[in-house]
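>>> Return atomic coordinates for the entry below.
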Amino acid sequence: QVQLVESGGDLVQPGGSLRLSCAASGFSLDYWVIGWFRQAPGKEREGVSCISSSDGRTVYADSVKGRFTISRDNAKNIVYLQMNSLKPEDTAKYYCATDKDIGGSACLIRAMYYYWGVGTQVTVSS
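This is a model prediction of the structure:
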């Protein structure tokens, strides 16, 4: 049974940093794509970043390029999202998702994923 569990969300001041984790179980990360998404109140869920576990290829939304870094530890079956220089507009619930055979920037599209975690809240406020 595929299961994803996010953690690491917190309240942080603008300019601060957080590292989110997505722990996967029930499957091996080796051949799956992991995506991070976020949803703010009243807004659509949007793709933030994604990583191919087979070749390490990464994709970022323009809004987070240069500030967020996605990485994976296949041995631990965990994908991380390091978030630096956080802004109030980064406030959202962050979700990780996984599926196979997602190519290129399509990995930022919500509809490409079947399996989802329940999310972790990130609040950026002074």
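>>> only C-alpha atoms for contact and neighbour calcs from this point on.
Noted.
>>> mind listing the strands for the chain?
3-7, 11-12, 18-25, 33-39, 46-52, 58-60, 68-73, 78-83, 92-99, 115-116, 120-124 (DSSP state E).
>>> same for the second one, what does it pack against?
Secondary structure elements in contact with strand 11-12, counted by 3 or more CA pairs under 8 Å, 6 or more residues apart in numbering; DSSP states H and E, are strand 120-124.
>>> So which elements touch the strand it packs on?
Using 3+ CA pairs under 8 Å, 6+ apart, strand 120-124 is in contact with strand 11-12, strand 92-99.
>>> how distant is that strand from the center of its chain?
13 Å (CA atoms, centre = their mean, to the nearest Å).
>>> what comes into contact with it?
Strand 120-124 is contacted by residues 6-14, 86-95 when judged by CA atoms under 8 Å, 6 or more residues apart in numbering.
>>> Distance of the nearest residue to Cys96 once chain neighbours are set aside relative to Thr69?
In space, and not counting its chain neighbours, Cys96 is closest to Trp36: 4.5 Å by CA to CA, 6 or more residues apart in numbering. Distance, Trp36 to Thr69, using CA to CA, to the nearest Å: 11 Å.
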